[in-house]
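Chemist: give me coordinates for this.
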Amino acid sequence: MSSVSSVSSAPAGAFTKDRDLVELGSTLGGIVAWAGVVVPTALNYRRNAVPAVWWALAVVILVCFIVLPGTRRRPRVSDRIVLAVMIAAGLGACAVWGGDVATPVFLVLNSGVAGFVISTRGSMFLVAGQTAYLFLILTLQNTTVVWALLYGALMFFAALMVHVVMREKGAVEAAAAVAAELESANSRLVATNAALLQAQSRLSEASRVEERLRISRDLHDGLGSQLTALTLHLDLIARSVDGPAAEYVAQAKALAALVIGDIRSVVSQLRGSQVSPRDQIARFARSLPRPSTSLDITEALDEAPAPVAEAIMRVVQEALTNAARHGGATHVKVVVREDPEDPAERAAAERAAAERAAAERAAAERAAAERAAADRAAAESAAADRAAADRAAADRAAAERAAAERAAAERAAAERGANDGAAANRAAAERAAAERAAAERAAAERAAAERAAAERAAAERAAAERAAADRAAAERAAADRAAAERAAADTAAAGAAADRAADRAADRAADRAADRAAAAEDRTAAVEDRTAAAEDRAEAAEDRRALFFEITDDGVGAGDVAPGNGLSGMRERVTALGGSLRWESSPGHGFRVIGRIPGAVTASRPPPAGSGEREPEGPVAHAIAG
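Modeler: Sure thing, here's the model as predicted:
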């Protein structure tokens, strides 16, 4: 009885690799049940009484049992034909021999196998039919019909077990399908969440950038204009005042210039935070009313050098513009991804890096030579300025000495003139007195009154002459003093002007020298930085990867692109970076732009698999409806 019940499981091709232990055990149990019928019959002493047809039908039943499918139902026409052959063979075997012994086990095998080929209702009809057939055979053979009821119960049990197995299998498959769908939905949810987080990050960054730009515009247009106007007013005030007030105005101008410089620095820093290249491409795609655009852009584009990212952005913008304006496209696909470099390209990149490093070293040497020449020129200019200042001081001293000598000469001349006038007056007075004495002695009697008048006239003339001499001396002394004062004032003014000119010349020379030295140092530092960067790029040349970009539209296509077309200019830009740009098109089959720039990004992560077109995937891929 145990050997009969083992056929309730599914028979199948027992040697396929996808069968589990349950299916293997069920198949082996069915084969053992078949052997439990055939082997005892072959070993029975009445085996000669068994017809040969019975043996042939038994072999047919075994073959059909092995050929039919396993636990998964496959209702194909060929399966139904094999089942029909197996059922006919079992019924024939029961009719030929052994209907009252063990041959009805073949009917139990038929009931178990049928559950995998036909429906459960069909299996129940088959069980009822086979039971009625066995009941008829046993009745015709005048054998007890109890065996018909017993084997009918076994057939029903086998069909029922197959039904349970199939239902459980269907439930397991449904659960697996639901689990797979949930896993897929979960992965899509995770990807969507990552994309949303990235989009939120980009949106917040764009908001911050826009706020910085607004603040920088407000500072530049508002406060910057007002400070510029304030500086102009201070310039006007400085021209109209002098003395201590001019110093205060100069200090105010200096403070205003410092504030303007600080504002410019703040504006430059605020404007320094720019939108990433990927977001710029996405914004440009959204700004077009048509066509719709799908983007598959690697994050490495944001890490690429500015010239490379700028070139790729301009190519994408030009291709989108052509697709919208000339191509009549409804959809454009943009792909930017990393691409491994081959050894030849890496060698070319290394040679280019070495050439750039050599050029930058030569530039550094030229900058050093220029700085040395600038230092020499500054030293010569300072020496010339000092010589000019010395000459101005010598001229000022000579002018002072000449003025002093002129003043001394004028004072000596004035003194000599005063002494000569007094002596002449005294001599004239003496002669007049002698004449008066002689006249008195000669004509004492003639005119005492005349003598007195002559004396009075002589005294008046002497007094008038002395007064005139004193006035002339005083006037000459005053004139000498005024001339000396004017000469001293002129000398002081000339000295002060020379001092100011020398100071201004020295200050200008020092400022020029300092500016040239600072500029030369800045150039040298920049060249050194570029040289270090070039050396770093040359050292990391083996870790660099190329950027591959492709823009495909479904428009009307085009023929040859004219030399003046925008894409031709883009090709020159990409070629200048060591890359390549080409396009493929034919009328009615769309337009395709393909480019590649070697050594654009570092190989910080594994390159994406495949080299052809890919569907957008991951958080960096998104679609934009135009």
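Chemist: quick one, helices of the stretch 351-500 of the chain?
Modeler: For the stretch 351-500 of the chain, the helices defined by DSSP state H, counting those that start in this stretch cover 448-539.
Chemist: after the helix or strand bottoming out on mean pLDDT in the chain, which helix or strand is next?
Modeler: Sorting the helices and strands of the chain by mean pLDDT, DSSP states H and E puts helix 2-5 at the bottom, at a mean of 36. The helix or strand immediately downstream of helix 2-5 is helix 21-43, counting by DSSP states H and E.
Chemist: need the CA coordinates for the helix or strand following that next one. PDB is fine.
Modeler: Reading on from helix 21-43 to the C-terminus, the next helix or strand found by DSSP H and E is helix 52-67. This file holds the C-alpha atoms of helix 52-67, laid out as PDB (Å, rounded to 0.1, in the frame of the first residue of the first chain):
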ATOM      1  CA  ALA A  52       3.300 -10.000 -24.300                       C
ATOM      2  CA  VAL A  53       0.900  -7.100 -24.900                       C
ATOM      3  CA  TRP A  54       0.800  -6.500 -21.200                       C
ATOM      4  CA  TRP A  55       4.600  -6.100 -21.000                       C
ATOM      5  CA  ALA A  56       4.500  -3.700 -24.000                       C
ATOM      6  CA  LEU A  57       1.800  -1.600 -22.400                       C
ATOM      7  CA  ALA A  58       3.700  -1.500 -19.100                       C
ATOM      8  CA  VAL A  59       6.800  -0.100 -20.900                       C
ATOM      9  CA  VAL A  60       4.600   2.500 -22.700                       C
ATOM     10  CA  ILE A  61       3.300   3.600 -19.300                       C
ATOM     11  CA  LEU A  62       6.800   4.000 -17.900                       C
ATOM     12  CA  VAL A  63       8.000   6.000 -20.900                       C
ATOM     13  CA  CYS A  64       5.000   8.300 -20.800                       C
ATOM     14  CA  PHE A  65       5.400   8.800 -17.000                       C
ATOM     15  CA  ILE A  66       9.000  10.000 -17.500                       C
ATOM     16  CA  VAL A  67       8.200  12.200 -20.600                       C
END
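Chemist: check which helices and strands helix 52-67 is in contact with.
Modeler: On a contact count with 3 or more CB pairs under 8 Å, 6 or more residues apart in numbering; DSSP states H and E, helix 52-67 meets helix 21-43, helix 77-96, helix 105-114. For the C-beta atoms, the positions are set from N, CA and C on the backbone; glycine is no exception.
Chemist: between it and helix 21-43, how many degrees?
Modeler: Put simply, helix 52-67 runs at 170 degrees to helix 21-43, going by axes from the mean of the first three to the mean of the last three CA atoms, to 10 degrees.
Chemist: quick one, longest strand in this protein?
Modeler: As assigned by DSSP state E, the longest strand anywhere in the chain is strand 591-602.
Chemist: how about it as PDB, C-alpha atoms only?
Modeler: Backbone C-alpha positions of strand 591-602 (Å, rounded to 0.1, in the frame of the first residue of the first chain) are rendered in PDB as follows:
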ATOM      1  CA  PHE A 591      20.900  63.700 -36.200                       C
ATOM      2  CA  ARG A 592      23.600  62.300 -33.900                       C
ATOM      3  CA  VAL A 593      26.600  64.200 -32.300                       C
ATOM      4  CA  ILE A 594      29.400  62.100 -30.800                       C
ATOM      5  CA  GLY A 595      32.400  63.500 -29.000                       C
ATOM      6  CA  ARG A 596      35.200  62.400 -26.600                       C
ATOM      7  CA  ILE A 597      37.700  64.400 -24.600                       C
ATOM      8  CA  PRO A 598      40.600  62.300 -23.100                       C
ATOM      9  CA  GLY A 599      42.000  62.800 -19.700                       C
ATOM     10  CA  ALA A 600      39.000  64.900 -18.500                       C
ATOM     11  CA  VAL A 601      38.300  63.300 -15.100                       C
ATOM     12  CA  THR A 602      40.100  61.100 -12.600                       C
END
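Chemist: tell me the average confidence for it?
Modeler: The average of the pLDDT scores along strand 591-602 is 82.
Chemist: strands paired with that strand, and their directions?
Modeler: Strand 591-602 has the following sheet partners, assigned by DSSP bridges: strand 544-553 (antiparallel), strand 580-585 (antiparallel).
Chemist: buried residues in it?
Modeler: Buried residues in strand 591-602, defined by neighbour count with 16 or more other CB atoms under 10 Å: F591, R592, V593, G595, R596, I597, P598, G599, A600, V601.
Chemist: from those residues, pick the one nearest A42.
Modeler: Nearest to A42 among the buried residues of strand 591-602: R592, at 75.1 Å, using CB to CB.
Chemist: thinking that closest one is in contact with S586, fair?
Modeler: No: the pair R592 and S586 does not pass the contact test of CB atoms under 8 Å, sitting 9.9 Å apart.
Chemist: what's the helix or strand hosting A246 packed up against?
Modeler: Element membership for A246, per DSSP H and E: helix 244-272. Contacts defined by 3+ CB pairs under 8 Å, 6+ apart place helix 244-272 against helix 146-218, helix 224-240.
Chemist: these: which one's closest to V267?
Modeler: V267 lies closest, by CB to CB, to one member of those: helix 146-218, at 4.4 Å.
Chemist: quick one: average pLDDT of the closest one?
Modeler: 87.
Chemist: can you pull the contacts of D553?
Modeler: D553 is in contact with P291, A319, A323, G327, A329, H331, V332, K333, G590, F591, R592, counting by CB atoms under 8 Å, 6 or more residues apart in numbering.
Chemist: which ones among the residues you listed lie within strands?
Modeler: Among those, the members found in strands (DSSP E) are H331, V332, K333, F591, R592.
Chemist: I'd assumed S294 was in contact with the third one.
Modeler: Yes: in this structure, K333 is within contact of S294 by CB under 8 Å, at 5.1 Å.
Chemist: list the contacts of L577.
Modeler: With CB under 8 Å, 6+ apart, L577 has these contacts: P307, V308, A311, I597.
Chemist: let me know the closest of the residues you listed to G99.
Modeler: Distance to G99, by CB to CB, is smallest for I597 among these, at 86.0 Å.
Chemist: for the residue lying closest to that closest one once chain neighbours are set aside, give me the pLDDT.
Modeler: With CB to CB, 6 or more residues apart in numbering as the criterion, I597 has its nearest non-adjacent residue at 3.5 Å, and that residue is G579. Looking at G579, its pLDDT is 87.
Chemist: for G579, phi and psi?
Modeler: With angles defined as degrees, to the nearest 10, G579 sits at phi -100, psi -170.
Chemist: surely it and R573 touch.
Modeler: No: here G579 lies out of contact with R573, judged by CB under 8 Å, at a distance of 9.1 Å.
Chemist: overlap in contacts, these two.
Modeler: With CB under 8 Å, 6+ apart as the test, G579 and R573 both reach A311.
Chemist: in terms of neighbours, single out the busier of those two.
Modeler: G579 (24 against 16; other CB atoms under 10 Å).
Chemist: burial measure for V315, as a count.
Modeler: Residues within reach of V315, counting by other CB under 10 Å, total 26.
Chemist: repeat that for L234.
Modeler: Number of residues near L234 (other CB under 10 Å) recorded here: 19.
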